[in-house]
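>>> I'll drop the sequence and a predicted model, then ask my questions.
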Amino acid sequence: MRRLLALLLVALVLPASASAIHGRAASQVRTAIFFYPWYSNPTHDGAYAHWQQGDHRPPFDVASDYFPARGAYSSGDPRILAAQMEDIARAGVDEVVSSWWGPGSEEDLRLPAVLHAASRRGLRVAVHLEPYTGRTLDTIASDLQRFRSLGVRDVYVYRAEDFAASQWRSLHLRQTGLRIFAQTNHVGFAARAGFSGFYTYDILLYGGDKFQRLCAQAHEAGILCAPSVGPGYDAQLVTGDPRVKLRLDGATYDSMWRAALRAHADLVTVTSYNEWSEGTQIEPAGHGGRYDSYTGAYGLRGAAAQMAYLRATARWTARLRHTPAAN
């Protein structure tokens, strides 16, 4: 009897094995998409937020090379959230990774609504723990407890290397009841720190040509590989960043998905559903005037082109579901 109790205690204390972690990934989440609930407008919120960055003047002049088909919407509008979750569910994505900028932030206040809207469409919600002002390991420990109390089970930590691996180990991440992913290309760091896996997020710096090497390193280290794929990048109008990753009518997106599958990724993360200022979004986009559109993507035009990247995502998620996860 005492031996049985000792074994049970060991099972509770030790981190999950690599095979157990991979098994959970295969059965629960194969795809996740980064989501931004930070948009506001005067009708719903009293003022614009994020649409006006870079001295733009919404509603018809927004901070993006693209114009959202839903206009300069509010992420606090339940009708908008419902439509967005329907988009994501129809695209076959399993998990919505909602950007979170600390306790009391607009993203924090809107998290319950995101959870509610997602659950109605059968989607899981994870949190993208951003580098908010005053973020420390102590505040992160409190954040993780709160996320778990809300039913969140996956957390993605942006700029994880703000803290050393030895500092992360003090949080005993694998004993939190959460799967916690580090945004990094240093796989050894993520493993030493006690993360369940890593993701790359930045589709400019970490292209598909790096996925196979990174995933091999992750599997060797016993952690999950969750590389990030995206359709393109263009933030010139908002930040002045001269770097651009052309969409090439869908070829860029397809090439990154193809690389993730070849690398035997455990789950694929998508950058992004609606980061309009960086031009990585796959949310439906309209066209006209100075704005780019999805016209021509995958040979589609007119209203059909607005959904081009969501339809492409549905094709890739279906293919991923029929691809065994690495073990």
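Looks like it arrived, so ask away.

>>> And F198, its phi and psi?
Main-chain torsions, F198, degrees, to the nearest 10: phi -130, psi 160.

>>> again with S98
Here is the backbone geometry of S98 (degrees, to the nearest 10): phi -90, psi 130.

>>> Also Y66?
According to degrees, to the nearest 10, Y66 has phi -120, psi 160.

>>> and what of K245?
Per-residue torsions, K245: phi -120, psi 110 (degrees, to the nearest 10).

>>> do you know how far it is from M256?
Distance, K245 to M256, using Cβ to Cβ, to the nearest Å: 10 Å. Glycine gets a C-beta too; all of them are placed from N, C-alpha and C.

>>> Likewise for A193?
A193 is 26 Å from M256, by Cβ to Cβ.

>>> ok, K245 and M256, which is more surrounded?
Per other Cβ atoms under 10 Å, whichever of K245 and M256 has more neighbours is M256, with 27 against 17.

>>> Whichever helix or strand that one is part of: how far from the chain's middle?
Using DSSP states H and E, M256 sits in helix 251-262. Its chain's C-alpha centre and that of helix 251-262 lie 17 Å apart, by Cα atoms, centre = their mean, to the nearest Å.

>>> immediately after it, which helix or strand?
Later in the chain than helix 251-262, the nearest helix or strand by DSSP H and E is strand 268-270.

>>> neighbouring contacts of that next one?
Among residues not part of strand 268-270, those counted as contacts by Cβ atoms under 8 Å, 6 or more residues apart in numbering are 30-34, 93, 97, 156, 199-201, 226-230, 257, 260-261, 282, 313, 316, 320.

>>> swap in stretch 275-282?
Residues outside stretch 275-282 that contact it (Cβ under 8 Å, 6+ apart): 33-34, 36, 50, 53-54, 62-66, 68, 91, 203, 230-235, 238-239, 253, 270-274, 283, 309-310, 312-313.

>>> Which ones among those map onto strands?
In strands, defined here by DSSP state E, the members of the contacts of stretch 275-282 are I33, F34, Y233, D234, V270.

>>> Centre-most residue in the chain?
Closest to where the C-alpha atoms of the chain average out (Cα atoms, centre = their mean) is F34, at 2.7 Å.

>>> residues touching the residue lying closest to it once chain neighbours are set aside, list them.
Once flanking residues are discounted, F34 sits nearest to S272: 4.2 Å by Cβ to Cβ, 6 or more residues apart in numbering. For S272, the contact set (Cβ under 8 Å, 6+ apart) comprises I33, F34, F35, Y36, G230, E278, T280, Q281, I282.

>>> which one of those has the most neighbours?
Within these, most neighbours by other Cβ under 10 Å means F35, with 30 neighbours.
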